[in-house]
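Enquirer: What follows is a predicted protein model with its sequence.
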Amino acid sequence: MKRKFYVTTAIDYVNAKVHLGHSLEKVQADVLARYHRALGEDVFFLTGTDENAQKNVLASEKEGISPKEFVDQNASFAKNLWKKLNISFDYFIRTTNKKIHWPGVKKIWLKCKEAGDIYKKKYSGLYCSGCEAFVKEKDLKDGLCPYHLKKPEKVSEENYFFALSKYQKELEKIIERDEIKIIPEERKNEVLSFIKAGLEDFSISRPRERMRGWGIPVPRDSSQIIYVWFDALTNYISAIGYGWDEKKFKKYWPADLHIIGKDILRFHAIYWPAMLLSARIELPRKILVHGFITVGGQKMSKSLGNIVNPLEIIEKYGADPLRYFLLRESSPFEDLDFTFEKFKKRYNSDLAGGIGNLVARVITLARKSEVQSSRLKIKNQKLKAEIEKTKEEWEKSLEEFRFNESLIAVWNLVSFCDKFLQEEKPWETKEKKVISDLLAVLAEIAKLIGPFLPETSKKILKQIKSKKPTILFPKISE
């Protein structure tokens, strides 16, 4: 039986069009999905949109259209954008899907209720509409939500609550023992300190009137709508059959990896595992927490209006240069500050002047010297050793989710080949073995960049076959 690999990204709110900030984890997940497929594993890669939120209703009212029309537009934009970015998802879930998503949400609700973990009570607190969550005074900065820079509103209402406090000790042990491994370690410590500070039960429904009737009604109480986070987190199991296809669910669950941003870590590392424990469902194996894409040090966010549209970059330069920048520019665990200057610099040095230049030189030499590429085998021992070293570094980094280091290993090989070319000077010596060896190295490089830059990988392999050099990355003029 094939080994399976189930990877998920967070699902995005559709209160506005998705942007560059949402692209990072989609590209990271795509690299891993492609890598595991190449290993011959049964991969299921899930992404999608979070559509039952109150802020989607409020945004649709501003636009003067129905919530359905509004979320349909923005979900369609997201799906098309990920396709243009070559995101090879296996399923795109929409939480308004009554056939696929809703049965799973209702099932987990009833399971948690049967376990005695759902109860109703009156509540007053500070509510951040950006986070779609009640927040504590201590979590605010100068009275504002640190993520949305907005003052939360005071809300009093009767809601259903989930008994999170009941799972405090169990969650602490689970995180400490890496039963759910949180990467990087500093995020694990953050979760542990939050748990140790004391967990409180949290509200998991909203009055129907406040939601304008939008969202999934609470089973057996249609006066309440299920809270968007309780609903949204369930997408990870509903998409693979929970509530409608038990066989498929058993095949893929538990998730091998949830990829998320640091601002939603608590929901994924505390609320979600507690819900699963309550419903007696196995826990996910790993959570990878990436940094933000920032602009001038500020998180890129729809509510702050400092967004960059990835479509403009893709249409002008192609999907692979954007993928390369997002994966290479910084460690996945740190924030990545985006500027067009940095993007152009990375593009010109690494893509146009690096791999693009090497491919053009080798293919041109192969064409002139009529080197055959039907049976490419590397004979030069120095090149062989360098490729083996690269593959080891590449694989180790990828297994540890250090995408930037994996790419650095490949680009070091590109530099090695440049030096090798200069030393051997096959244009003077007419030595076919050197060119043949370099063609074989290009084929290896194409395979290594396949998960990262799928289009470029195909183009390189095509050029090796045809011996027709075409410019992979035209230089961007400053």
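Expert: Now that the structure is in, tell me what you want to look at.

Enquirer: Give the buried residues for stretch 334-345.
Expert: Of the residues in stretch 334-345, those scored as buried under the neighbour-count criterion (16 or more other Cβ atoms under 10 Å) are Asp335, Leu336, Asp337, Phe338, Phe343, Lys344. To be clear about C-beta, it is placed using only N, CA and C from the backbone, and glycine gets the same treatment.

Enquirer: Gly318 is in contact with Leu453, isn't it?
Expert: No - Gly318 is not in contact with Leu453 according to Cβ atoms under 8 Å; the separation is 9.5 Å.

Enquirer: okay, those two: which has more neighbours?
Expert: Each of Gly318 and Leu453 had its neighbours counted (other Cβ atoms under 10 Å), and the higher figure belongs to Leu453 (27 against 21).

Enquirer: Let me see the backbone angles for that one.
Expert: phi -120, psi 80 (degrees, to the nearest 10).

Enquirer: Return the per-residue confidence for it.
Expert: As summarised for this prediction, Leu453 has a pLDDT of 98.

Enquirer: got it, and Val7?
Expert: As predicted, Val7 sits at a pLDDT of 98.

Enquirer: Can you list the low-confidence ranges for the stretch 301-450 of the chain?
Expert: Filtered on pLDDT under 70, the stretch 301-450 of the chain yields the residue ranges 302-303, 373-375.

Enquirer: go again using 90 as the cut-off
Expert: Applying pLDDT under 90 to the stretch 301-450 of the chain picks out residues 301-309, 368-379, 426, 428-433.

Enquirer: Strands of that one, residue ranges please.
Expert: For the stretch 301-450 of the chain, applying DSSP state E, counting those that start in this stretch gives strands covering 336-337.

Enquirer: What segments of it are helices?
Expert: Along the stretch 301-450 of the chain, the segments classed as helices by DSSP state H, counting those that start in this stretch run 310-317, 319-328, 340-346, 357-369, 381-399, 403-424, 426-429, 432-449.

Enquirer: Output those helices as JSON lines; include the columns distance to Lys475.
Expert: What follows is the helices of the stretch 301-450 of the chain, written out as JSON lines (distance: least, Cβ to Cβ, whole Å):
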{"stretch": "helix 310-317", "distance to Lys475": "11"}
{"stretch": "helix 319-328", "distance to Lys475": "12"}
{"stretch": "helix 340-346", "distance to Lys475": "10"}
{"stretch": "helix 357-369", "distance to Lys475": "10"}
{"stretch": "helix 381-399", "distance to Lys475": "26"}
{"stretch": "helix 403-424", "distance to Lys475": "16"}
{"stretch": "helix 426-429", "distance to Lys475": "22"}
{"stretch": "helix 432-449", "distance to Lys475": "19"}
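
Enquirer: now the helices for the stretch 151-300 of the chain?
Expert: Using DSSP H, counting those that start in this stretch, the helices assigned to the stretch 151-300 of the chain run over residues 168-176, 185-196, 228-233, 235-238, 246-252, 265-266, 272-279.

Enquirer: for those, which one sits closest to Ser331?
Expert: helix 185-196 (11.8 Å; Cβ to Cβ).

Enquirer: Alpha carbons of that closest one, as CSV, please.
Expert: As requested, the backbone C-alpha atoms of helix 185-196 are provided in CSV (Å, rounded to 0.1, in the frame of the first residue of the first chain):
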residue,chain,number,x,y,z
GLU,A,185,10.4,25.3,18.4
GLU,A,186,9.7,28.9,19.4
ARG,A,187,6.1,28.5,18.3
LYS,A,188,5.8,25.4,20.3
ASN,A,189,7.0,27.3,23.4
GLU,A,190,4.5,30.1,22.6
VAL,A,191,1.7,27.6,22.6
LEU,A,192,2.9,26.0,25.9
SER,A,193,3.1,29.3,27.7
PHE,A,194,-0.4,30.1,26.5
ILE,A,195,-1.8,26.8,27.8
LYS,A,196,0.1,27.1,31.1
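
Enquirer: Which helix or strand contains Tyr119?
Expert: Per DSSP states H and E, Tyr119 falls inside strand 118-128.

Enquirer: got it, and Pro469?
Expert: Assigned by DSSP H and E, Pro469 belongs to no helix or strand.

Enquirer: residue contacts, the spatially closest residue to it that is not a sequence neighbour?
Expert: Nearest non-adjacent residue to Pro469, counting by Cβ to Cβ, 6 or more residues apart in numbering: Ile363, 4.1 Å away. Residues near Ile363 by Cβ atoms under 8 Å, 6 or more residues apart in numbering: Leu442, Gln463, Ile464, Lys467, Lys468, Pro469.

Enquirer: Near Ile476, how many other residues are there?
Expert: Neighbourhood size, Ile476 [other Cβ under 10 Å]: 16.

Enquirer: looking at the helices of the stretch 301-450 of the chain, which is buried most?
Expert: Highest mean neighbour count of the helices of the stretch 301-450 of the chain: helix 319-328, a mean of 24 (counted as mean count of other Cβ atoms under 10 Å).

Enquirer: Which neighbouring elements make contact with that helix?
Expert: Applying 3 or more Cβ pairs under 8 Å, 6 or more residues apart in numbering; DSSP states H and E, one finds that helix 319-328 makes contact with helix 20-38, helix 310-317, helix 340-346, helix 403-424, helix 454-466.

Enquirer: who wins for proximity to Ile476 among those helices?
Expert: When the helices and strands packed on helix 319-328 are compared for distance to Ile476 using Cβ to Cβ, the nearest one is helix 340-346, at 4.9 Å.

Enquirer: What segments of the stretch 51-200 of the chain are strands?
Expert: 91-94, 118-128, 133-135, 153-162, 181-183.

Enquirer: how about those strands, which one is nearest Ala197?
Expert: Using Cβ to Cβ as the criterion, the shortest distance between Ala197 and these is 14.5 Å, found for strand 133-135.

Enquirer: strand partners of the closest one, parallel vs antiparallel please.
Expert: Strand partners for strand 133-135, identified by DSSP bridges, are recorded as strand 118-128 (antiparallel).

Enquirer: What number of residues are in the vicinity of the closest residue to Lys4 other than its chain neighbours?
Expert: In this structure, Lys4 finds its nearest non-sequential neighbour in Asp42, 4.5 Å apart by Cβ to Cβ, 6+ apart. Counted with other Cβ under 10 Å, the neighbours of Asp42 add up to 14.

Enquirer: Ile118 now?
Expert: When neighbours are counted by other Cβ under 10 Å, Ile118 registers 21.
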